[in-house]
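Participant: Next come a sequence and a model predicted from it.
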Amino acid sequence: FLIVQGVLLFFLQFSLVFFAVLCLTNEFFINATLVMMNIDFREVKEYYRSNLFSDETSRQYAGMFEKVSQIVNENDILYFYPKYLFVDEQTLQLYLFLKNNKFIKVWINDDKQIVIECFNTNEIKNFAYECPLDDYGEHKLTLFFEKGIEGIEFNSKKDTNDNWKYKFDKVIYSIVKYFVTTCI
């Protein structure tokens, strides 16, 4: 009887440890999935900073990221969308959705000047979201503003390369969810 009781006690302890490890592992994977869901401003900024001397475009983009970091508290960024990231023949545009209901667009103009345009999210009149029925295809989000402001389109297929498309799908989805639950 003591042997059976000892074996049962061992299995009970093992089961509790196994269950605890399983719970921690699941929590880790859930948190990792949430982090992977959005594009990290710091990650892209560091990419261009580390490639600062490789070419003129990387140098300009590193400067653009540095200027944004001087103006915007990186901890206030809810969503970051780097339109035309790794797209040849297009100039990178940064879109930042901030905790204070500000929406910022940053780009380098033809005169090689950094332009930072700031909107209140309440200036967004409405939006249109298109997504595939399954997991394949592109996600599109078009923001329509009050009169006089041109609309902005985010397209996961056109705005990056194939390697980053999945992350762009997820950040577009996250932005839509944000607008549905808080703003518009």
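Facilitator: Received, thanks.
Participant: Just confirm Glu46 is within a helix.
Facilitator: Yes: under DSSP: H, G, I helix; E, B strand; the rest coil, Glu46 sits within a helix.
Participant: What count of nearby residues applies to it?
Facilitator: 13 (other C-beta atoms under 10 Å). Placement of C-beta: from N, CA and C, glycine included.
Participant: Same question for Ile114.
Facilitator: 17.
Participant: and if you look at Asp40?
Facilitator: 14.
Participant: and what of Asn75?
Facilitator: 6.
Participant: the bottom helix or strand of the chain by mean pLDDT?
Facilitator: Least confident helix or strand of the chain, by mean pLDDT, DSSP states H and E, is helix 2-37 with a mean of 46.
Participant: Go ahead and measure how far stretch 117-135 is from the middle of the chain.
Facilitator: Offset of stretch 117-135 from its chain centre (C-alpha atoms, centre = their mean, to the nearest Å): 14 Å.
Participant: in it, what's buried?
Facilitator: When neighbours are counted by 16 or more other C-beta atoms under 10 Å, the buried residues of stretch 117-135 are found to be 119, 121, 124, 127, 129, 131.
Participant: Tell me the one among those residues nearest to Glu150.
Facilitator: Phe119 (11.6 Å; C-beta to C-beta).
Participant: Against which helices or strands is the strand or helix carrying that closest one packed?
Facilitator: Element membership for Phe119, per DSSP states H and E: strand 114-120. Applying 3 or more C-beta pairs under 8 Å, 6 or more residues apart in numbering; DSSP states H and E, we find strand 114-120 packed against helix 56-71, strand 102-108.
Participant: Deepest in the core, which of those is it.
Facilitator: strand 102-108 (a mean of 18; mean count of other C-beta atoms under 10 Å).
Participant: The very next helix or strand once past the strand holding Phe119 - contacts with which helices or strands?
Facilitator: On the C-terminal side of strand 114-120, the nearest following helix or strand under DSSP H and E is strand 124-130. Under the contact criterion of 3+ C-beta pairs under 8 Å, 6+ apart, strand 124-130 touches strand 140-145, helix 165-178.
Participant: Can you lay out these as TSV showing distance to Trp107 and mean neighbour count?
Facilitator: Listed next are those as TSV, based on distance: least, C-beta to C-beta, whole Å; neighbours: other C-beta atoms under 10 Å:
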stretch	distance to Trp107	mean neighbour count
strand 140-145	16	18
helix 165-178	18	19
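Participant: Sounds good, over and out.
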